[in-house]
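In: here you go, sequence then predicted model.
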Amino acid sequence: KCEKNFFIEPKFDGASLNLLYENGKLVSGATRGDGEVGEDITLNVFEIENIPKNIAYKERMEIRGEVVILKDDFEKINEKRALLNQSLFANPRNAASGSLRQLDTSITKERNLKFYPWGVGENTLNFTKHSEVMQFIRELGFLKDDFVRLCVNLDEVLKAYDELLALREKKPMMMDGMVVRIDDLALCEELGYTVKFPKFMAAFKFPALEKTTRLIGVNLQVGRSGVITPVAVLEPVNLDGVVVKSATLHNFDEIARLDVKINDFVSVIRSGDVIPKITKVFKDRREGLEMEISRPKLCPTCQSELLDEGTLIKCQNIDCEDRLVNSIIHFVSKKCLNIDGLGENIVELLYKHKKITTLESIFHLKFSDFEGLEGFKEKKINNLLNAIEQARECELFRFITALGIEHIGEVAAKKLSLSFGKEWHKQSFEAYANLEGFGEQMALSLCEFTRVNRTRIDEFYKLLNLKIEKLEIKSDGVIFGKTFVITGTLSRPRDEFKALIEKLGGKVSGSVSKKTDYVLFGEEAGSKLSKAKELEVKCIDESAFNELVKE
């Protein structure tokens, strides 16, 4: 007997959302977060019209799905933002994600978001097929896309892919592929998961969209580190319902490599949430009106003289407005101080009205600073001020990351925090360079930054209550004194394994040698595993590692 055992549906390009129902009522909504920090957005979820607030099912159940913005609505949102001199959303996914995180719920409501469920999390349902689960969910009042299929074999799956691809530009929302999963839930459970993905499900991505248009100019953007990035200004071209008017040129070496000029016809590619980029220049279509793109000498924002280092061109004026604004945006972002509600547009607005002029000034904001500003009501102001207060309780490594020191990312910041604590900014070049994973360039960058900003960092310590993760080393276990190398994809971030090894008195190295005691390997382990076998180093998978740390 042949059963239809592949469940097919579109892969929408939106923002993931988890809904929790208890006793038939919607009680919470949350984003998936970044593995460490999630976001409760329940109040905004209640403003999404097509999400049922009450359902005819009383057991506790989590429904998972995607929040999307229709292409037409996306264009209207960006048109409105352009009129208000606000930065435009790059794509509907960013718009959907930003809409879910608004402090002002009325903004979420006016964005006309749509929620499409694709599965369940926690539940007590007794269905045997995923298709039955989805039918049940949709009968509770959730949206169903027109294109849902049950396929018998691979030929039918491929046919469905071709059908869906043909509908790509006709769909009212962004769609970047097709999801195929086993319909039989018992078989899904039997197949289980790899260290990262379910074995019973796969996403078939659509090819990147590519069209031809003309490059009509180049704008220069100043990043928080002062690096100048050239951005191509294009004659507007429609790519999957999104009007593309610009594309990254990365740097002036890339301009030289492409040999692209103003007025050239170019091929522009856009894939998912990737910023559009130029992939080809049609030199055979040149008409003699093309103009060279010259390397800038002065900063486009503050007009100070630029430092030309070859690949990179930098503005060195630390008071340059664009550098300051981008530094503040980075400082308050999710990976840094994570100040909920203080997004890019609000930072730009507050800077424009001179309410914040430095990183420190964020913590001196008062209720009166927001009064009279467009879009700020009492509740929104209080929410933002509360979020700023909560951000004072911050992990030291997040603060170091937030400072935006060149070559110092989150991993390096954690190493500095664990190694030196609050004295991290008072160390020598040798102390920095001797840290595992740190090189001369990172040490030089730290020395220069801390030399200039040492007093400022001490002032920050008065504003923030910085917490340091204590590393209590166990000295009597089998791992104590052993050297590990980690390679391949594991079920959890490598940093977690590294932290555990170090806590148990071991050391993690970046390369395999005869001094290596263990190589912990996951899926798609590469040359390090091969070298370990050549050197007869003991190689263990995650299961064996878990047994080892129990001893």
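Out: Okay, I see it.

In: list the buried ones in the helix or strand harbouring Tyr432?
Out: Element membership for Tyr432 (DSSP states H and E) is helix 429-433. For helix 429-433, burial by neighbour count (16 or more other Cβ atoms under 10 Å) applies to 431-433. For glycine as for every other residue, the C-beta is placed from the backbone atoms N, C-alpha and C.

In: name the nearest residue to Ala232, sequence neighbours excluded.
Out: Distance criterion Cβ to Cβ, 6 or more residues apart in numbering; nearest residue to Ala232, sequence neighbours excluded, is Ala247 at 4.6 Å.

In: packing partners for the longest strand anywhere in the chain?
Out: The strand of greatest length in the chain, counted in residues with DSSP state E as the criterion, is given as strand 209-222. Packed against strand 209-222, as judged by 3 or more Cβ pairs under 8 Å, 6 or more residues apart in numbering; DSSP states H and E, are the following elements: strand 228-239, strand 265-270, helix 321-331.

In: quick one, which of these gets closest to Thr42.
Out: Go through the helices and strands packed on strand 209-222 one by one with Cβ to Cβ and the one that ends up closest to Thr42 is helix 321-331, at 25.9 Å.

In: okay, the angle between the closest one and strand 228-239?
Out: Using axes from the mean of the first three to the mean of the last three Cα atoms, to 10 degrees, the inter-axis angle of helix 321-331 relative to strand 228-239 is 70 degrees.

In: what sits up against helix 321-331?
Out: Applying Cβ atoms under 8 Å, 6 or more residues apart in numbering, the contact partners of helix 321-331 are 221-226, 301-302, 315, 317, 336-337, 343-344, 347-348, 351, 356-359, 362, 402-404.

In: gap between that helix and the chain center?
Out: Centroid separation for helix 321-331 versus its chain: 18 Å, with Cα atoms, centre = their mean, to the nearest Å.

In: buried set for it?
Out: Within helix 321-331, the residues scored as buried using 16+ other Cβ under 10 Å are 322-331.

In: what of stretch 504-522?
Out: 504-509, 512, 516, 518-522.

In: and that stretch, how far apart are its ends?
Out: According to Cα to Cα, to the nearest Å, stretch 504-522 extends 21 Å from its N-terminal end residue to its C-terminal end residue.

In: in the stretch 401-550 of the chain, what spans have low per-residue confidence?
Out: Using pLDDT under 70 as the threshold, the predicted model of the stretch 401-550 of the chain has low-confidence ranges 469-476.

In: that older thread, out of the buried residues of helix 429-433, who's nearest Asn78?
Out: When the buried residues of helix 429-433 are compared for distance to Asn78 (Cβ to Cβ), Tyr432 comes out closest, at 44.0 Å.

In: quick check: the closest one touching Leu446?
Out: Yes. Under the contact definition of Cβ atoms under 8 Å, Tyr432 touches Leu446, with a separation of 4.9 Å.

In: show me what the helix or strand harbouring Ser543 is packed against.
Out: Ser543 belongs to helix 542-550 when elements are defined using DSSP H and E. Packing partners of helix 542-550 (3+ Cβ pairs under 8 Å, 6+ apart): strand 518-521.

In: strands paired with the strand it packs on, and their directions?
Out: The strands that strand 518-521 pairs with in its sheet are strand 483-487 (parallel), strand 538-540 (parallel) (by DSSP bridges).

In: let's have those strands in TSV, adding distance to Ala387.
Out: Rendered in TSV, the data for the strands paired with strand 518-521 read as follows (distance: least, Cβ to Cβ, whole Å):
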stretch	distance to Ala387
strand 483-487	36
strand 538-540	43
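
In: gap between the longest strand of the chain and the chain center?
Out: 24 Å.

In: so what are the sheet partners of that strand and their directions?
Out: Strands that pair with strand 209-222, judged by DSSP bridges, come out as strand 228-239 (antiparallel), strand 265-270 (antiparallel).

In: mind putting the ones you listed into a markdown table with mean neighbour count, mean pLDDT and distance to Gly177?
Out: Conversion of the strands paired with strand 209-222 to a markdown table gives the following (neighbours: other Cβ atoms under 10 Å; pLDDT from 0 to 100; distance: least, Cβ to Cβ, whole Å):
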| stretch | mean neighbour count | mean pLDDT | distance to Gly177 |
| --- | --- | --- | --- |
| strand 228-239 | 17 | 92 | 16 |
| strand 265-270 | 19 | 92 | 14 |
